[in-house]
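K.L.:
Sequence isn't available, so here's the structure alone:
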Ligand code: SF4
């Protein structure tokens, strides 16, 4: 499938569908998505709190879909071990989506640590481009973003057209708060990434993610020292986060 029409949904219908689902529980949104797109659906996760909530819900729905993790080569060892934890707890096989070069080849090609010299380029090469390849030909993908996380996410629809990757994007937790996420995790005893117990509030690659103080913003530990809050996966095609290519 290459566009929204192939799956029976016209692109112009998405705003109304999204509005209809705005008051629905995330489980119902996921139920709609799995019913609509079946095994063609893709979910991408970096094993953040929200991603684990969605994985738990997909398990309860007995969903048959592809779940991917963007393995940049710079992930924490704890992140890589989450693949096994999810298999053990939920039975899902996570597909690792890798960049076209190893980190050694990449740094040799560009003369050093690209994540320090130009993190937008690094994110583009090691996250955006691999996701673009993974989503090619698919009708829809699920993301874990919430509107309150960053200004760029504030306008996210429950269901929307993703003009960067050219398919439908489903954000079942768009209107949830962090408190709702934490409550759901506690109530359902969902396994979480171990770095949350060590002062991290958001999980990214090790060179660009640090633990934060209790009063710091959720994503303050990402790309500290840069005016960057997004890796480029959730910005519009016209925004500047990956304009270098
Ligand atoms: S988060 Fe950092 S290391 Fe990971 S892809 Fe982006 S710039 Fe590169």
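P.N.:
Received the coordinates, thanks. Note that this is a predicted model, so its numbers are computed, not measured.
K.L.:
For this structure, which segments count as helices?
P.N.:
14-21, 26-37, 49-60, 77-90, 103-110, 114-117, 119-123, 129-135, 178-188 (DSSP state H).
K.L.:
In CSV, list those along with mean pLDDT.
P.N.:
Putting the helices of the chain into CSV (pLDDT from 0 to 100) gives the following:
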stretch, mean pLDDT
helix 14-21, 97
helix 26-37, 97
helix 49-60, 98
helix 77-90, 96
helix 103-110, 97
helix 114-117, 93
helix 119-123, 93
helix 129-135, 96
helix 178-188, 97
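K.L.:
Take those helices and write them to TSV, including mean neighbour count and distance to the ligand.
P.N.:
Heads up, the C-betas are built off the backbone N, CA and C, glycines and all. TSV is the format used below for the helices of the chain (neighbours: other C-beta atoms under 10 Å; distance: least, C-beta to the nearest ligand atom, whole Å):
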stretch	mean neighbour count	distance to the ligand
helix 14-21	15	29
helix 26-37	19	26
helix 49-60	22	16
helix 77-90	16	11
helix 103-110	14	9
helix 114-117	17	4
helix 119-123	22	3
helix 129-135	17	10
helix 178-188	13	21
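K.L.:
Dump the ones you listed to TSV, plus distance to residue 168.
P.N.:
As requested, those are exported to TSV (distance: least, C-beta to C-beta, whole Å):
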stretch	distance to residue 168
helix 14-21	7
helix 26-37	8
helix 49-60	16
helix 77-90	24
helix 103-110	31
helix 114-117	31
helix 119-123	23
helix 129-135	10
helix 178-188	23
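K.L.:
looking at those, which is closest to residue 66?
P.N.:
helix 129-135 (8.4 Å; C-beta to C-beta).
K.L.:
next one: the closest one to chain centre, how far?
P.N.:
Distance of helix 129-135 from its chain centroid, counting by C-alpha atoms, centre = their mean, to the nearest Å, is 12 Å.
K.L.:
what's the answer for stretch 89-102, then?
P.N.:
That offset, for stretch 89-102, works out to 13 Å (C-alpha atoms, centre = their mean).
K.L.:
Same check on stretch 116-124?
P.N.:
18 Å.
K.L.:
And that stretch, end to end?
P.N.:
14 Å (C-alpha to C-alpha, to the nearest Å).
K.L.:
And for stretch 197-207?
P.N.:
Across stretch 197-207, first to last residue, C-alpha to C-alpha, it's 19 Å.
K.L.:
hmm, it in reach of the ligand?
P.N.:
Yes: under the criterion of C-beta under 6 Å from any ligand atom, the ligand is reached by stretch 197-207 at 204-205, 207.
K.L.:
between these, which is closest to residue 133?
P.N.:
Nearest to residue 133 among those, with distances taken as C-beta to C-beta, is residue 205, at 18.7 Å.
K.L.:
circling back: reformat the residues of stretch 197-207 next to the ligand as TSV; add neighbour count and pLDDT.
P.N.:
Below are those laid out as TSV (neighbours: other C-beta atoms under 10 Å; pLDDT from 0 to 100):
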residue	neighbour count	pLDDT
204	23	90
205	24	94
207	16	92
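K.L.:
and of those, the nearest to the ligand?
P.N.:
residue 205 (3.0 Å; C-beta to the nearest ligand atom).
K.L.:
show me what contacts the nearest residue to the closest one once chain neighbours are set aside?
P.N.:
Distance criterion C-beta to C-beta, 6 or more residues apart in numbering; nearest residue to residue 205, sequence neighbours excluded, is residue 74 at 3.7 Å. Neighbour list for residue 74: 103, 115, 126, 205-208 [criterion: C-beta atoms under 8 Å, 6 or more residues apart in numbering].
K.L.:
try residue 224
P.N.:
208, 210.
K.L.:
Fine, thanks again, bye for now.
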